[in-house]
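Engineer: predicted structure and sequence below. I'll ask about it afterward.
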Amino acid sequence: MRFFAIILFVIMHLHANAQVDPSWIMPVRERAEWVDKMLEYRIDSLLPQLMEREGVDMWILISREYNEDPVMKTMLPSSWLSARRRTMMVFNRPKDGSPLEKIAIARYSVGSLLKGEWNIDVHPDQWEALVSYIESRDPSNIAINISEDFGLADGLVQTEYKAFMEKLSPKYKDRVISGEDIAIAWLETRSEVEMEIYPLLTRIGHNILKEAFSSEVITPGVTSTDDVVWWLRQRVVELGLKTWFHPTVSLQRGDDANKLRSFSTRPGIQIIEKGDLLHVDFGITYLRLNTDQQQHFYVPRDGETTVPDYLSVAFERGNRLQDILTESFDIKKSGNEILSDALTQAEKEGIVASIYTHPIGFHGHAAGPTIGMWDQQDGVPGKGDYKMYYNTAYSIELNASSEIEEWGKIIRIMLEEDGIFTKDGFYYPDGRQDEIYLVK
């Protein structure tokens, strides 16, 4: 744990400015060390608890090169950019309570974590080697990654599923179960160390946005929304990071020609002018974890030194809606229940709300309870029925609509901030935007 302690010491001493300090971002080799140690910690310390919680005796992941199960991708060591040939990962909970067995039925060991156990002199056929191992352990159930509702838990392709089931004896075919719950548990649950690294990730994202929405990048009457989008993409590359989706920058202004658009359409390219309310949607990937952030910036008119009060009041409604939603979080409460409770309370308070919050972690739109979608405000069957657990992370994504008399129109305050839910409650690792920022 010494390696983690050193990195966390750095995080604790982040200084608050609007620039991204390059020292916050590790060189590639050190990132690889982090990823491998984090993976080892998760498999050795976290996975046994999750398998016990979900009642899974044996969990099998099977993928061929370049067609990896999304879960397997999160279990590959840093030096593996893909599976090799056909990779079979097996995690078995011994009946006598011994430590978790973790092996690979493959010609290669998977890094130092999963030892390759396929002896072709004994079992020339890889499937027979897998079946032999299963029979030697005699698990009461065998979880494989098949799921109707969660794409991230549905990584076993039809060809591999068919071959697997054909090789199993009837005795073990009857023990095969969906690995949906254990797959989601693995993907959504954040370890203590990952929760402590999230302040760094969210700080990097916030500061990149502050750099982008400044006079260093934006010149009213000249700079387009698309110019800012590509500045963001370039800045991320320069920092040695990645984006997991193409950012968007849009604007709302006080003219009748600029109406509310549907969420199914992307904003067109527009020239940024003084008096515009800008909106950005942006996310980065670092250390195999993701951020997803939406914020608002105001381009002041000549003589303005603050954001107009009518916009600030509208923004406050957005912050209140965030609070209403996170106050509705509760252990074992489903995403649909949380959505319903939050929308009911928002209506009581006169807030015109739309909530479409999702988990975040190894993926941007990650595994776990979906809490609304922009076009499904009555609940999301399947993914919205999944229950909430502690030590999970969410992108608090929503909007509150307000009528702006000064503009003669309705605007949306569209917010998204990353936060973590634990037994002590919900919190934002790097805080949240609590006012509209000026483009200075």
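Structural biologist: Cool, got the structure. Numbers count the residues shown, from 1 in each chain.
Engineer: give the buried residues for stretch 313-323.
Structural biologist: 314-322 (16 or more other CB atoms under 10 Å). From N, CA and C alone the C-beta is placed, and that goes for glycine too.
Engineer: closest to residue 411 out of those?
Structural biologist: residue 314 (6.3 Å; CB to CB).
Engineer: and that closest one, helix, strand or coil?
Structural biologist: Of the three states, residue 314 takes helix under DSSP: H, G, I helix; E, B strand; the rest coil.
Engineer: quick check, it in contact with residue 413.
Structural biologist: Yes: between residue 314 and residue 413 there is a contact under CB atoms under 8 Å: 5.4 Å.
Engineer: common neighbours of these two, please.
Structural biologist: The contact sets of residue 314 and residue 413 overlap at 400, 402 (CB atoms under 8 Å, 6 or more residues apart in numbering).
Engineer: quick revisit: export the buried residues of stretch 313-323 to JSON lines and append columns for distance to residue 190 and pLDDT.
Structural biologist: Output for the buried residues of stretch 313-323, formatted as JSON lines (distance: CB to CB, whole Å; pLDDT from 0 to 100):
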{"residue": "314", "distance to residue 190": "33", "pLDDT": "98"}
{"residue": "315", "distance to residue 190": "29", "pLDDT": "98"}
{"residue": "316", "distance to residue 190": "30", "pLDDT": "98"}
{"residue": "317", "distance to residue 190": "30", "pLDDT": "98"}
{"residue": "318", "distance to residue 190": "26", "pLDDT": "98"}
{"residue": "319", "distance to residue 190": "25", "pLDDT": "98"}
{"residue": "320", "distance to residue 190": "27", "pLDDT": "98"}
{"residue": "321", "distance to residue 190": "25", "pLDDT": "98"}
{"residue": "322", "distance to residue 190": "20", "pLDDT": "98"}
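Engineer: name the residue closest to the centre of the protein, please.
Structural biologist: residue 360 (2.1 Å; CA atoms, centre = their mean).
Engineer: look up the closest residue to it, ignoring the ones flanking it.
Structural biologist: Leaving aside its sequence neighbours, residue 360 sits nearest to residue 395 (CB to CB, 6 or more residues apart in numbering; 4.6 Å).
Engineer: confidence score at the one you found?
Structural biologist: As predicted, residue 395 sits at a pLDDT of 98.
Engineer: for whichever strand or helix holds it, packing partners?
Structural biologist: Assigning secondary structure by DSSP states H and E places residue 395 in strand 392-404. On a contact count with 3 or more CB pairs under 8 Å, 6 or more residues apart in numbering; DSSP states H and E, strand 392-404 meets helix 309-327, strand 352-355, strand 358-359, strand 409-422.
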